[in-house]
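K.L.:
based on what follows, work out the 3D shape:
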Amino acid sequence: MESQLLLEQLQERTEAVLQKAVSEWQMLSPEQLSHQPAPGAWSAAQCLEHLNIYGRYYLPEIEKAIRLGKMNEQEPEKFFRSGWLGAYFTRLMQPQRDGSLKSKMKAPKNAVPAAQPDGRAMLAEFIDQQETMLRLLDEASEVNLNTLRVPTSLSPWIKLKLGDTFGFVVAHIERHVLQAERTMELEVRSER
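P.N.:
Numbering: from 1, shown residues only. As a prediction, this is how the structure comes out:
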């Protein structure tokens, strides 16, 4: 895939999530954000906290990789070729076209949200992180998405290409945004 086209698609998907958070979710009450649809099921605030935990790790790592690429004056390549592991992780996270998920997953212990996170604070941080992601996607057009590597949150020894890292993180965000939306829809229905 053309590197610039990949970045543009990821920017569009990130912008759609950001617009939803700003125009819809900011209008919700703290109770709606904190509503758990069933015992043990995550609230929208918990979904956001989970995403923020990942953002706190990946955004600085992505920024570091981009800074390194600029410092080493790496020229961007016209085409991005996904690595097998990066493609696998992205497919694993990516929601289906109909919004369903291929498989349920258990969050790693270090990414499990608190029982009652502050929904407003989680939403504000999430919006900030999406704005940072848009900036990084823009800056990434100046570097090589194939050669720069980002360590995964699983292990510093497992590294993905920068392009794959962007794809995985955006797919992970979309996955949990759908989960949060379903939770909020259930809350609205229960209020009727």
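K.L.:
going by C-alpha atoms from here, please, whenever you check contacts or count neighbours.
P.N.:
Noted.
K.L.:
which residue lies nearest the spatial centre of the protein?
P.N.:
Nearest to the mean C-alpha position of the chain, counting by Cα atoms, centre = their mean, stands residue 173 at 3.1 Å.
K.L.:
just the element for it, please.
P.N.:
Assessed by DSSP states H and E, residue 173 sits inside helix 162-191.
K.L.:
do the same with residue 39
P.N.:
Taking DSSP H and E as the definition, residue 39 sits outside all helices and strands.
K.L.:
use 178 as the first number from now on
P.N.:
Taking 178 as the first residue, the last one we looked at is residue 216.
K.L.:
per-residue pLDDT, it?
P.N.:
As predicted, residue 216 sits at a pLDDT of 87.
K.L.:
what's around it, how many residues?
P.N.:
For residue 216, the count of nearby residues is 6 (other Cα atoms under 10 Å).
K.L.:
so what's it up against?
P.N.:
With Cα atoms under 8 Å, 6 or more residues apart in numbering as the criterion, no residue contacts residue 216.
K.L.:
mind checking how far it is from residue 337?
P.N.:
36 Å (Cα to Cα, to the nearest Å).
K.L.:
equivalent analysis for residue 198, please.
P.N.:
Residue 198 is 28 Å from residue 337, by Cα to Cα.
K.L.:
more neighbours, those two?
P.N.:
Comparing residue 198 with residue 337 by other Cα under 10 Å, the one with more neighbours is residue 337, at 24 against 18.
K.L.:
am I right that the more buried one is in contact with residue 330?
P.N.:
No. Residue 337 is beyond contact range of residue 330, at 10.6 Å (criterion: Cα atoms under 8 Å).
K.L.:
between those two, what contacts are shared?
P.N.:
Residues touching both residue 337 and residue 330 (Cα under 8 Å, 6+ apart): none.
K.L.:
all strands of this structure, in order?
P.N.:
Remark: strands assigned in the chain by DSSP state E are 326-328, 336-338.
K.L.:
need these in CSV with distance to residue 265, can you?
P.N.:
What follows is these, written out as CSV (distance: least, Cα to Cα, whole Å):
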stretch, distance to residue 265
strand 326-328, 16
strand 336-338, 11
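K.L.:
reformat the ones you listed as CSV; add distance to residue 284 and mean pLDDT.
P.N.:
Formatted as CSV, the strands of the chain follow (distance: least, Cα to Cα, whole Å; pLDDT from 0 to 100):
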stretch, distance to residue 284, mean pLDDT
strand 326-328, 18, 97
strand 336-338, 20, 97
